[in-house]
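Asks: structure of the sequence below:
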Amino acid sequence: MVARAKSGSPPIKIMKKSEIQSSSNFVEETAFGENLQIGCFDDTFKKFFAYSGSDVISFNVDSGERIRVYRHKSSIVIGVYFQDNFLLSFTNSPQYLLWNVDTGDQIASINIQLPSDQLTLWTYNFDAKYFILSQSIENKKKSQVKTTTSSVNENQESSLFEILQLNTTQNSSQKLKVSTRLVAQLENTPPSKAHLAVYSGFFVKCEKRIIKICAFGDDDEEENEDENLANGTNDDEEMEEGLKESSNSAIKLPKRREYHIDAKFDVVAQNLVEFKEVVIAGDSLYAVLNIGRVYCWTNFTTRGLSTFNLAHFTLSGYEPTICVSDIGTSFIGFGNAQLYKYNLTASSGVGRWISHEHLLLESPTRSLLLCNDFTKMAVLLRDNTLCFISTAQMQLISRAEVLHVLCLPEQYNNENYRFSITNDPALENELLFVANARLGHIQWIDPLCWQTTCILDIAEENGPPPQDTFNMPKFQWLNTYLVCLSMQMLVSCESSRDNPEKTLIKFWRRSKSKSLANASFKLENCVELLDKHIKFLRSTFNEFTNIPSSSNANEMELSVNNEEFIFVYSTGLIDIYKRDPSRRSSHWSVDLKRRESNWQRYLITSCSKVRQRLFATIQILNDSTFIVLRNVDEMKITRVIDNLVDAKQVEWSHSPSILIVLCASGLVAFNCKKENQLNPLWIIKQPNFVDLGSSRSFTFTHNGQEVYLLNPEDGTKSNFMEEIRFSQPQKRIIALQKYSKDKRICNNIYFCGINDQVNF
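Replies: Prediction:
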């Protein structure tokens, strides 16, 4: 989330989305597009629509530019389609909405009638007919889930409904609701939308090692191979007679409607081998196995799931995802980030596949979608990258403007393998913050439009990480878990999958450009540490006052050569890295004269920034807490504060010499310029503060939701701004600021937060 406040504004008011346009004093905006889902192309194939959470986002296919965002208030979007020149979106309310694509205006919002105990999950369409898969859920839980995101309980039964009398004309706004017809009930809910494919009068589903064809109206758990199945007659009472007659037309299905895999595969855990996706293209059925195998049954509506009309191939040992044109051209994305184009030709036999072209992407493919004439394809990757591909030559058309995400297995999604959001002090004129991108990369994010503006490959040796059952546990990777940015340097700490205590430190020199678009990073040195995990990393560059002028080359060079970095290990040891002029200017090494062992064998739980060559740490053992102030030049302890209980964090304020300590009972400030003054400068008794932050212009604290700007001289709130309140608790909050030409004046302050679910 990001909150923006203008200096000189009246008291802050938290606004609803409907109020955002009516005031300019405060805006809270939740990041959108963090978890994109494949949507649809328009009729010209020049626009593409993807959805995420409560938003639908349109993109220019040729340039990748983001065009418009279609808001759906608090409802979650579960499907997007383009029909009759309108954008058609379905939500879990359940509703369907019509949009004017060019203006972004909502034309109609129509309720869909479903039983009250049903929670909508996904939508399907075939031949202009729309279906909703819903899951039975307790009423007391339904209201909670609807406002967040749909969670699938595979052990819960689900139902497939056909939406009746769906209208996509201008007159749609006159309708208040549309009815539905129950066409099938499933004993278990599919794990994902891709596990089910809907056709005319029947559907196909995959479950573990089984593929099944089920007619509408039949229990999907019952199989009777001695009779042909017909469409069910479970009609809605509100249906018109004409619709009844058309829906009851007999659908003849083959006898062989089920396929089991009994074979053994070259994997250790045979029970993990299962089907992950089914696709119907024309009269062919495709199914993918998570070991990398693709199955195809031709003429399956008449011949069924027989071995005589079955072909399969295994291109790689990585989990595939597939989309197929009506003429049988298959596009398959694998977990090793390879995208292949295959063709099943009649002359070469049903079991012979001929490889055409392939494309190497940055991340494994999550889902694919072809446009109606099959000339263009949308490719959504695991790191939330959205690409548009020309299918004729398998060439990249564009990459969409999106927000990248880091996908880590649950057991690695912690501070040992990733870092939280942080500031970049070098970007004075750009509102950007730094976060993890895909494995081995970091990114700069624009919080005003929620998109990635720049990506830096830190690891440099990572292959595309496979996101599947069998290869991810064996894949060796590095990821950045700590980063420190200054005006002229970037220092990163990486850990490997199999050894989080092993750290790889990299020193990157930044170019002199202050614009990120023209910036570059040069790797100067790399240091490997065995059995050492870095807990805090600080630059000796004083970002409160030291702002080298980009026009003065000597001043900038002096700043670079004098800069040092403080490394605080999880064991309590402290090292200082500096340039080694005796070898070469780009070589960094530990200053052995200033290496400090664990002071009194106490652990360090917090470390401040460096100001006037001083930095403070909180050191704790059992119930004893000490605030230790050190001089960087000699690593000499200049002051110890031992009269605080349960200190959590220490940080310099923007006022000179004032150090603020966050304790369990509140905030305490000290004036460190006066060496003999041991009494606090001021105390705020409020026990719910969780973090401190400061910059050149202001100091703030927060309790996870409420943010307060402080006057460091007396501990009072700043006069120009009252508290800001995030609508949801945040794990970490940072502040971005935009300066006027006079560097002393900060026009706007932006507070950006990240929660426990790693959502911005």
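
Asks: switch to C-alpha atoms for all contacts and neighbour counts from now on
Replies: Fine.

Asks: what's near enough to touch residue 521?
Replies: Residue 521 makes contact with 508-511, according to CA atoms under 8 Å, 6 or more residues apart in numbering.

Asks: please report phi then psi for residue 566.
Replies: With angles defined as degrees, to the nearest 10, residue 566 sits at phi -100, psi 120.

Asks: what number of residues lie near it?
Replies: Number of residues near residue 566 (other CA atoms under 10 Å) recorded here: 21.

Asks: my understanding was that it contacts residue 576; is that so?
Replies: Yes - Residue 566 lies in contact with residue 576 (CA atoms under 8 Å); the separation is 4.7 Å.

Asks: dump the contacts of residue 521 to TSV, plus distance to residue 36 and pLDDT.
Replies: Compiled in TSV, the contacts of residue 521 are given as follows (distance: CA to CA, whole Å; pLDDT from 0 to 100):
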residue	distance to residue 36	pLDDT
508	32	95
509	34	93
510	32	90
511	33	88
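
Asks: could I get those as a markdown table with neighbour count and distance to residue 156?
Replies: A markdown table is the format used below for the contacts of residue 521 (neighbours: other CA atoms under 10 Å; distance: CA to CA, whole Å):
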| residue | neighbour count | distance to residue 156 |
| --- | --- | --- |
| 508 | 21 | 52 |
| 509 | 20 | 55 |
| 510 | 20 | 54 |
| 511 | 16 | 56 |
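
Asks: in this protein, which helix or strand is least confident?
Replies: Across the helices and strands of the chain, mean pLDDT, DSSP states H and E gives its lowest value to helix 241-247, namely a mean of 34.

Asks: and residue 650, what's its pLDDT?
Replies: With respect to pLDDT, residue 650 scores 96.

Asks: that one contacts residue 608, doesn't it?
Replies: Yes - counting by CA under 8 Å, residue 608 is a contact partner of residue 650 at 5.7 Å.

Asks: more crowded one of those two?
Replies: Remark: of residue 650 and residue 608, residue 650 carries more neighbours, 28 against 22, as counted by other CA under 10 Å.

Asks: once you drop chain neighbours, what's closest to the more buried one?
Replies: residue 661 (4.5 Å; CA to CA, 6 or more residues apart in numbering).

Asks: how far away from the center of its chain is the host helix or strand of the one you found?
Replies: Taking DSSP states H and E as the definition, residue 661 sits inside strand 658-663. Taking CA atoms, centre = their mean, to the nearest Å, one finds the center of strand 658-663 at 34 Å from the center of the full chain.

Asks: thinking again about what came up before, between residue 650 and residue 608, what contacts are shared?
Replies: By CA under 8 Å, 6+ apart, the residues touching both residue 650 and residue 608 are 616-617.

Asks: count of residues packed around residue 579?
Replies: Neighbour count for residue 579, taken as other CA under 10 Å: 21.

Asks: tell me what it is bridged to.
Replies: residue 588 (DSSP bridges).

Asks: okay, now the sheet partners of the very next helix or strand once past the least confident helix or strand of the chain, with direction.
Replies: Toward the C-terminal end, the helix or strand that comes next after helix 241-247 (DSSP H and E) is strand 258-260. Strand 258-260 has the following strand partners under DSSP bridges: strand 210-215 (antiparallel).

Asks: residues making contact with the longest strand along the chain?
Replies: In the chain, assigned by DSSP state E, the strand with the most residues is strand 499-510. Applying CA under 8 Å, 6+ apart, the external contacts of strand 499-510 come out as 416-417, 487-496, 519-534, 588.

Asks: list only buried entries from those.
Replies: For those, a burial check counting by 16 or more other CA atoms under 10 Å picks out 416-417, 487-496, 521, 525-526, 532-534, 588.

Asks: can you tell me which of those are in strands?
Replies: Checking the buried ones among the contacts of strand 499-510 against DSSP E, those in strands are 489-496, 521, 525-526, 534, 588.

Asks: which one of those residues is nearest residue 62?
Replies: Distance to residue 62 across those (CA to CA) is lowest for residue 521, with 29.4 Å.

Asks: how near is the residue nearest to that closest one when sequence neighbours are not counted to residue 525?
Replies: Of all residues not flanking residue 521 in the chain, residue 510 sits nearest, at 4.7 Å (CA to CA, 6+ apart). As for residue 510, its distance to residue 525 is 13 Å (criterion: CA to CA, to the nearest Å).

Asks: do the same with residue 124
Replies: Remark: distance between residue 124 and residue 525 (CA to CA) = 53 Å.

Asks: about what we covered before: can you redo the ones in strands among the buried ones among the contacts of strand 499-510 as TSV with pLDDT and distance to residue 186?
Replies: What follows is these, written out as TSV (pLDDT from 0 to 100; distance: CA to CA, whole Å):
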residue	pLDDT	distance to residue 186
489	92	58
490	95	54
491	96	53
492	96	50
493	95	49
494	94	46
495	92	45
496	89	43
521	92	55
525	92	59
526	93	56
534	94	51
588	91	63
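
Asks: ok so, going back, any idea how far the residue nearest to residue 521 lies from residue 424?
Replies: Using CA to CA, we find residue 510 at a distance of 12 Å from residue 424.

Asks: show me where the stretch 51-200 of the chain has helices.
Replies: 139-146 (DSSP state H, counting those that start in this stretch).

Asks: next one: the stretch 501-650 of the chain
Replies: Secondary structure of the stretch 501-650 of the chain by DSSP H, counting those that start in this stretch: the helices cover 553-562.

Asks: and the spatially most central residue of the chain, what does it touch?
Replies: The chain has residue 405 as the residue nearest its centroid, 3.6 Å off, counting by CA atoms, centre = their mean. Listed by CA under 8 Å, 6+ apart, the contact set of residue 405 reads 34, 383-384, 436-438.

Asks: apply 7 Å and report the result again.
Replies: Each residue near residue 405 by CA atoms under 7 Å, 6 or more residues apart in numbering is listed here: 34, 383-384, 437-438.

Asks: got these as a markdown table, with neighbour count, secondary structure and distance to residue 83 columns?
Replies: Formatted as a markdown table, the contacts of residue 405 follow (neighbours: other CA atoms under 10 Å; DSSP: H, G, I helix; E, B strand; the rest coil; distance: CA to CA, whole Å):
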| residue | neighbour count | secondary structure | distance to residue 83 |
| --- | --- | --- | --- |
| 34 | 19 | coil | 26 |
| 383 | 23 | coil | 29 |
| 384 | 25 | coil | 26 |
| 437 | 26 | coil | 35 |
| 438 | 23 | coil | 35 |
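
Asks: domain map for this protein?
Replies: 1-30+601-760, 403-597 (automatic domain parsing).

Asks: and the ones you listed: which comes nearest residue 154?
Replies: Per CA to CA, nearest to residue 154 of these: domain 403-597, 18.1 Å.

Asks: gap between the closest one and the chain center?
Replies: The answer for domain 403-597 is 20 Å, by CA atoms, centre = their mean.

Asks: could you list the low-pLDDT ranges of the stretch 1-150 of the chain?
Replies: 1-26, 138-150 (pLDDT under 70).

Asks: same question for the stretch 451-600 of the chain.
Replies: Low-confidence segments of the stretch 451-600 of the chain, defined by pLDDT under 70, are located at 462-468, 471-473, 545-560, 585, 598-600.

Asks: also the stretch 301-450 of the chain?
Replies: Flagging of the stretch 301-450 of the chain using pLDDT under 70 yields the residue ranges 344-356.
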